[in-house]
Each structure stands twice: as C-alpha cells, then as structure tokens.
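> How does the following fold in three dimensions:
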Amino acid sequence: MDRYFNKQELKMANYIFHFNTSSEPSYPYWINNAAGKCHFDREEVAEQLGFLRIDGFAYSWLDEPDNVLSSRMDGLLGGLQRNDCLIVQWPMPAFGPRWVNLFIDRVHFFGAKLIFLIDDMASWQMGLKFPEASSPEIPAYLSNPAVAEEFNYLSRTDGIIVHSAAMKLHLKDQLALAGKKITDNVTWYGPGVNKTKYFKSRRHLGNGVDYAGALHKAKFLQHLSADFKLNIYGAGPKDQQLAKNRAIHLHERVDPEAIPQMLEGSFGLVWDSDSYPDVVGRWGEYERYNTPAKFPMYLSANEPVIVWSQAAMAPFVRANQIGLTIDSMAQLPDAVQSVTKDQYSQMLTNVQRISPLIRDGFFLKKAILDVMAKIYINNPTG
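Now for the predicted structure:
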C-alpha cells in the first residue's frame, strides 16, 4: 500500500450516486423491465465493498438560475474531499446538459475521482455503425445532441466500467471520430451480477427453454416448431393467442426479484432480433457489446445459457462451458436436442461453479477494484 498511497490518500472515502425519481418508497426504474433491478444490484455490490451512498432527487429545471443550481450542487457534493471516489451509473436521468456538466466539474473541483459505470449508451441507440472518419456525414453525426453530449461527458471521467472488452473498443472508436480519447482507466464487468438467494434442486434436461420477455416482442420465437418447449416470463394479453396450440408455458410479468425462482427450463435463452432466423436490428447487434440482464439472471438460477455466437458473452460461455452458442435461431432446436445427459450434467456442474460469483457480484466487484487501482496507481498523487 505505501508504494502507491500516501497518508492523505488512505483517508479517501468511496461513494456511489443514487438517484431517486419519486416521493414514493420505491426504487427507480423498478417497473421498467430489468433496469431497476440492475441498478439496485450494482448499488448493493458497491455498498458491500464499503461504498457510501449519496442520494439525489432527479428533476428537470432547464432554466434553473445559476446560483440556485450551484448551491444545490454544493449541497449534493460538498462532502467530497480530495481523492475520494464517486461512481455514477450511466446514463444519468434527464437533468439536462447544464446540470451534468456542472456535476462533473464540481466533482473534480473538490478533487474527487469520477467513475461512470455504463448501463447503456444513449448515442448508440441512433445506430451502432458509425460514419467513416472521412464521411460527409461526420459533422451532422457529431452535432447531434445525443452524441455530442455523451462524448463530452465520457471523455471527462477518471474511469469507466463497461460491459465488455468489445464495448471498450467500440467506445474508443466512437470517441476517436470527434478527436477525443477514452481514458486508460477502463475495466469491464463481463457476465455481470444478479443478486438473489437460490436453493432449488439441480435442473434436468428436457424441460424446455426459458425466455424472459414478452412473446409478442420476440417474434423470432414464433417461427420455431409448435412442439418446441418454451417458457415465457413476462407474458401479456397479446401473447395468449400467439401461444395457442403450441408447447409454450406463459408466465405473467412478476417482480424481477422473483424470476430466478420461477425459471423451470433446462436452458435460458439470450437473444434479440427483429426477424427470424438471423440476428437483425439495433438491439440484436447491441449484444456484440453489452451484457443483457437476462444473462446473469439465468446463471444466478443455476441455469445454462444459449447465446448468439457473435455476442460479447459468447467467449465466456464457450470458455467456461456453461451453455450453447448458436449462429441463428434456426439452429436452436437441433442444438438443444443434440445435448446428451452427460454433457448437460457437466454444463450444470460448470454453471454451479459460476453462479455463486454472479449472485455475490464478484465480477462487478473485481471491475470496480480494478478501475480504482488503475486510477490511483496511474495517478498516485491525485
């Protein structure tokens, strides 16, 4: 420790920012699919590492007077000291660029280190294929507020935690279009976290494939043969007719904390596409870079996974032999059918080695500690 930290730095405190979006005793984004659960789990992991929570209320006041905004920011961040560490989950609520810019400036004014923990990339929702550096489309692309603002914010942070190594490289390429560089202090949390208690008995082959999400939003599943067993979690009224005369067991949407206990299949499917059989569309392509919430959720329930062969998590699945990777949805039935009992048993054993790490948040804890090491070792005097 003495090699890298002086006495002042040993007094540093670590914080994670929590945004409240309601006066009700609820958690932000909890009803928005898995968003709230993901944010909650990340905060829990940070707190297990000793991080303290800074609470702020999300609001939109675009013409807020400068003196009022400055006073509010001092009240929010005034407890920060030199070389403290603050983690903020990105993207932040819609405060507006003036609020976010002052927030970043004020964190650094107090001498603290700012880490963005990436949940999603707002600018990537415009498209994952960026214009060529010499393209005439570059000025229009860079002037788009969603792109320009995200470039500005992410290029000013002290550290970034992303989903995968592929996401880091893609972000680096994107920032380069504006002549900006990503910080060297970047780590990734890979398979992610899903904190749950799980005590159920060992799974068995032949119980079908689980899919967390509404059937009518996963039209690629409707092209599978009628006798292919599917368990859908998050079904709505529109799904009843779609599942008629098919081997589909529908479960209505439940609290995200409950889903791991309900999963009854042999495999959990992680897939997104606008069509069948190949991965097509923005959200499918996004899986080249991100860790979908479904991925750690299935693993937290001791369930082998099935992922797209080009997904960011595919190498992890293959390296740990915890499921199947397929090129297209057309391969799904045969891929599942080809798994022998002995192969499945070995998959389960491998999953049960990984799942406690998912439930405990090991991979995110490691990413947080690794990015902090990069920040404080690369710049030990602050």
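
> What segments of the stretch 201-350 of the chain are strands?
According to DSSP state E, counting those that start in this stretch, the stretch 201-350 of the chain carries its strands in the segments 209-212, 230-235, 248-252, 267-270, 305-308, 323-326.

> which residues sit against the first one?
This means strand 209-212. For strand 209-212, the external contacting residues (CB atoms under 8 Å, 6 or more residues apart in numbering) are 34, 218, 221, 228-234, 259, 263-269, 271, 294, 297-298, 303, 306, 332, 336. Just so you know, the C-beta spots here come from the backbone N, C-alpha and C atoms, and that holds for glycine as well.

> Filter the residues you listed down to the buried ones.
In these, burial by neighbour count holds for 34, 218, 221, 228-234, 259, 263-269, 271, 294, 297-298, 303, 306, 332, 336, counting by 16 or more other CB atoms under 10 Å.

> Number of residues surrounding residue 107?
Residue 107 has 24 neighbours, counted by other CB atoms under 10 Å.

> Does it touch residue 86 like I think?
Yes - Residue 107 is in contact with residue 86 according to CB atoms under 8 Å; the separation is 5.8 Å.

> anything in contact with each of the two?
77, 80, 114.

> Restricted to helices, list those residues.
The helices, defined by DSSP state H, take in residue 77 from the shared contacts of residue 107 and residue 86.

> For the shared contacts of residue 107 and residue 86, give me a markdown table that also has distance to residue 166.
Conversion of these to a markdown table gives the following (distance: CB to CB, whole Å):
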| residue | distance to residue 166 |
| --- | --- |
| 77 | 33 |
| 80 | 33 |
| 114 | 24 |
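
> Format the shared contacts of residue 107 and residue 86 as CSV; extra columns: distance to residue 284 and pLDDT.
Formatted as CSV, those follow (distance: CB to CB, whole Å; pLDDT from 0 to 100):
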residue, distance to residue 284, pLDDT
77, 39, 96
80, 41, 96
114, 32, 98
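
> from the shared contacts of residue 107 and residue 86, which would you call buried?
77, 80, 114.

> how far away is the nearest residue to residue 310 once chain neighbours are set aside from residue 333?
Nearest residue to residue 310, sequence neighbours excluded (CB to CB, 6 or more residues apart in numbering): residue 288, at 5.8 Å. For residue 288, the distance to residue 333 equals 24 Å [CB to CB, to the nearest Å].

> list the contacts for the residue nearest to residue 310?
Counting by CB under 8 Å, 6+ apart, residue 288 touches 128, 166, 170, 310, 311, 312.

> Can you show me the helices along the stretch 1-150 of the chain?
Applying DSSP state H, counting those that start in this stretch to the stretch 1-150 of the chain gives helices spanning 7-10, 35-48, 66-77, 97-109, 138-143, 145-154.

> so which of the ones you listed gets nearest residue 252?
Evaluated over these, closeness to residue 252 peaks at helix 35-48, with 17.1 Å, by CB to CB.

> Can you say which of the contacts of residue 288 are buried?
Of the contacts of residue 288, these count as buried by 16+ other CB under 10 Å: 128, 166, 170, 311, 312.

> count of neighbours near the closest residue to the third one other than its chain neighbours?
Spatial nearest neighbour of residue 170, chain neighbours left out: residue 289 (5.4 Å); criterion: CB to CB, 6+ apart. When counting by other CB under 10 Å, one arrives at 23 neighbours for residue 289.

> please renumber so the chain begins at 24
With the count now opening at 24, the last piece we talked about shows up as residue 312.

> Show me what counts as buried in the longest helix along the chain.
Taking DSSP H as the criterion, the chain has its longest helix at helix 364-383. Within helix 364-383, the residues scored as buried using 16+ other CB under 10 Å are 367, 370, 371, 373, 374, 377, 378, 380, 381, 382.

> quick one: which of those residues is nearest residue 173?
Of the buried residues of helix 364-383, the one sitting nearest to residue 173 (CB to CB) turns out to be residue 381, at 28.8 Å.

> hang on, the closest one packs against residue 324?
No - with contact defined as CB under 8 Å, residue 381 and residue 324 do not form a contacting pair (9.4 Å).

> Closest one to residue 226 out of the buried ones among the contacts of residue 311, please.
Of those, the one sitting nearest to residue 226 (CB to CB) turns out to be residue 334, at 22.1 Å.

> ok, the closest residue to the closest one other than its chain neighbours - contacts?
In space, and not counting its chain neighbours, residue 334 is closest to residue 310: 4.3 Å by CB to CB, 6+ apart. Listed by CB under 8 Å, 6+ apart, the contact set of residue 310 reads 293, 295, 302, 330, 331, 333, 334, 335, 336.
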